[in-house]
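>>> using only what follows, build the 3D model:
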Amino acid sequence: MLAPAALAAPAQGETEAAIIGFSPNGKYVAYEEYGISAVSPEAYSIIRIVNVRKNSFVGKRIVHVVEFEEQLDMDGIRSEAREKAGILFRRLGISPGERPGREINIMLKKSPNAQGGFRIDFTANKKSYRLELFERVYQRKGLCQAQMGDTKMKIFILRVKDRQSGALKILQKDRKLYKSRGCVFNYDFTSAYTYRDRLVVFIKAELFNDEGTEIKQLVVTGTLKFK
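Okay, the predicted model is just below:
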């Protein structure tokens, strides 16, 4: 099994996301979240499998957590998490390092939306598309109000557009701010990948907690097929 690419450990409270690979037919994708906890002295790697078309998780997440040390071996932690997930990878035909998809260059292609948020123009399968991320205000009282003295948090809408036909497709539209997401005040693109007609988008969510702020990574998946 291939080891993950060597990367510097994220700052405490910041989660990074990395794609592991697609199944041969693109039905499933495996990805990893890793970082150092904002509220406890622990480093972690969490692996999830997603049904790309359905934008839904498959099975339980694989979690590997170790006590934080000054000389932290984040690469070792990530490799051990992948070893734990080996049986699931083999069952779904996922080989880490193989079929990682084609990464969209976010830094070069991202630009502001006129209505707020960001857009990314990209090509896949010789066609031109546009990803659009919009933020919306969501009133959240209670914990969020206590942490930052405000009730105006953020939810998001992510959609993709076929630039030739003009067809639009909603990939995710939040109806509420989920408790598990926390008190989010900002969203942005982290990275995006295509594989055949499949699309995987990582979105950075910045939120408040009792220690200050932290960063979570959200994943949204779908296809580039338009009805």
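>>> would you mark the buried spots in stretch 162-180?
162, 169, 171-172, 174, 177 (16 or more other CB atoms under 10 Å). The way it works is simple: take the backbone N, C-alpha and C, and place the C-beta from them, glycine included.
>>> nearest to F68, of those?
Taking CB to CB as the measure, F68 lies nearest L177 of those, at 29.3 Å.
>>> give the contact list for that closest one.
With contact set as CB atoms under 8 Å, 6 or more residues apart in numbering, L177 has these partners: 138, 140, 153-155, 184.
>>> swap the cut-off to 7 Å and go again
138, 140, 153, 155, 184 (CB atoms under 7 Å, 6 or more residues apart in numbering).
>>> from those residues, pick the one nearest V63.
If you rank the contacts of L177 by distance to V63 using CB to CB, V184 comes first, at 22.3 Å.
>>> what sits against K227?
Counting by CB under 7 Å, 6+ apart, K227 touches no other residue.
>>> show the pLDDT at it.
pLDDT for K227: 78.
>>> just for this structure, where's the confidence low?
1-10, 70-72, 143, 145-150 (pLDDT under 70).
>>> so which elements touch whichever helix in it runs longest?
The residue-count maximum for a helix in the chain (DSSP state H) belongs to helix 74-84. Packing contacts for helix 74-84, counted by 3 or more CB pairs under 7 Å, 6 or more residues apart in numbering; DSSP states H and E, involve strand 28-36, strand 42-51, strand 56-67.
>>> now render those as JSON lines, adding mean neighbour count and distance to P112.
Listed next are those as JSON lines, based on neighbours: other CB atoms under 10 Å; distance: least, CB to CB, whole Å:
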{"stretch": "strand 28-36", "mean neighbour count": "23", "distance to P112": "27"}
{"stretch": "strand 42-51", "mean neighbour count": "20", "distance to P112": "28"}
{"stretch": "strand 56-67", "mean neighbour count": "13", "distance to P112": "31"}
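>>> residue contacts, the residue lying closest to A85 once chain neighbours are set aside?
Leaving aside its sequence neighbours, A85 sits nearest to I62 (CB to CB, 6 or more residues apart in numbering; 4.3 Å). By CB under 7 Å, 6+ apart, I62 lies in contact with 46-47, 81, 84-85.
>>> how about S37?
S37 touches Y44, counting by CB under 7 Å, 6+ apart.
>>> for K152, same thing?
The contact partners of K152, by CB under 7 Å, 6+ apart, come to 137, 139.
>>> what do you get for the one 5 residues further on?
Contact criterion CB under 7 Å, 6+ apart gives 134, 136, 170, 173-174 as the residues in contact with I157.
>>> repeat that for 8 Å
By CB under 8 Å, 6+ apart, the residues touching I157 are 132-134, 136, 170, 172-174.
>>> one more: K127?
Shown in contact with K127 (CB under 8 Å, 6+ apart): 162-164, 224.
>>> of the helices and strands packed on helix 74-84, which is nearest F189?
Closest to F189 of those, according to CB to CB: strand 28-36, at 15.1 Å.
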